[in-house]
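> Build me a model from this:
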Amino acid sequence: MSVAVRLLALALFSTPAFASTVRLTTSDRVSIVGELDGMGDHGVLVVHDNAQDHTSVVELTRAFSEAHMKVLAIDLRGHGGSKGTADPLASTKDLAAGIDYLRKQGAKQVSIVGVSLGGNLAFQAASGDPAVANVVMISPALNHDGVKASAALAGYGPRPVLMIVGSDDPLGMKAADLLGDRLPGATVEVMMANGSGTTLVKRATDLPEVVINWLTDIHATMSAKQKADLSTSNEKLETSGTKLGER
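Predicted coordinates:
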């Protein structure tokens, strides 16, 4: 089903959701702000670039919400409405708070979509949380403000990761190629638009559709696998298990 058809169906048959502002507290007691939108059991945490806030990625959050995903876009510490001092190395705690909130809101699978610094933070946060389903890195870097992608390689493992780069971004392309060689679940998409990071999000109008298609396919595959695993477990229990009344 195409994204256009999917969005039309959702618009006709889904109950609309309204964005709401939420305030979260990180493990080191920093108060951060986020905006929650959308619905469904697929949670998506969206993370902005350095010196930005969640409003800079509105094109992504709006598209994800319309695609029936539960979306949380946060302001990193020291940015936008969040408290604290900007600190890239400590900001993975902000992501952890966002992931935990999405799960408490009913998300059965959580993906993280990050832009530039946000992408490196997403990769690092996921490396320490094996329950994160996948990550999308828009304009990845090997080292962004001290957040090194190489430090997260071992922890991330074979999970799917999508890296998106602009056609005129040689540093982003180099990072995607090097990381892709080390990540068995990597996919690299080159957008025919100039710029990187937030600029690429603004200029590449088809970027949200690329991400939605990828996330939707991965989500469907994982859901089917979970159902198959559950069915197999039930079959084993029925054929080899002992009923309580027979003990």
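> Next, the contact list for Thr92, please.
Contacts were defined as CB atoms under 8 Å, 6 or more residues apart in numbering; by that measure Thr92 touches Leu121, Gln124, Ala125, Gly128. (Each C-beta comes from the backbone N, C-alpha and C, glycine too.)
> what residue lies at the spatial centre of the chain?
The centroid of the chain falls nearest to Ile112 when counting by CA atoms, centre = their mean (1.5 Å).
> Could you look up the SS state of the closest residue to that one other than its chain neighbours?
Counting by CB to CB, 6 or more residues apart in numbering, Ile112 lies nearest to Ala122, which is 3.8 Å off, once chain neighbours are set aside. The local conformation at Ala122, judged by DSSP: H, G, I helix; E, B strand; the rest coil, is helix.
> these two touch, right, Ala122 and Leu95?
Yes: between Ala122 and Leu95 there is a contact under CB atoms under 8 Å: 6.8 Å.
> Rounded mean pLDDT for the strand or helix carrying the residue nearest to the centre of the chain, please.
Element membership for Ile112, per DSSP states H and E: strand 109-115. Strand 109-115 comes out with an average pLDDT of 98.
> quick revisit: check the gap between the residue nearest to Ile112 and Asn194 for me.
Relative to Asn194, Ala122 is positioned 23 Å away (criterion: CB to CB, to the nearest Å).
> start to end distance for stretch 123-140?
Taking CA to CA, to the nearest Å, the span from the opening residue of stretch 123-140 to its closing residue is 10 Å.
> Do you know the pLDDT at Ala220?
Per-residue confidence at Ala220 stands at 84 (pLDDT).
> And for Gln226?
On pLDDT, Gln226 comes in at 60.
> likewise Met191?
The pLDDT attached to Met191 in the predicted structure is 97.
> OK, contacts around it?
Contact partners of Met191, counting by CB under 8 Å, 6+ apart, are Ile164, Val165, Gly166, Ser167, Leu200, Ala204, Asp206, Leu207, Val210.
> who's it bridged to?
Under the criterion DSSP bridges, Met191 forms beta bridges with Gly166.
> For Gln109, see how far away the residue nearest to Asp49 when sequence neighbours are not counted is.
The shortest distance from Asp49 to any non-neighbouring residue, by CB to CB, 6+ apart, is to Ser116 (4.0 Å). Going from Ser116 to Gln109 by CB to CB gives 24 Å.
> more neighbours, the two?
Neighbours per residue, other CB atoms under 10 Å: of Ser116 and Gln109, the larger number sits with Ser116, 26 against 22.
> Am I right that that one is in contact with Thr199?
No: in terms of CB under 8 Å, Ser116 does not count as a neighbour of Thr199; the distance is 9.6 Å.
> Spit out the residues that contact those two alike.
Common neighbours of Ser116 and Thr199, using CB under 8 Å, 6+ apart, do not exist here.
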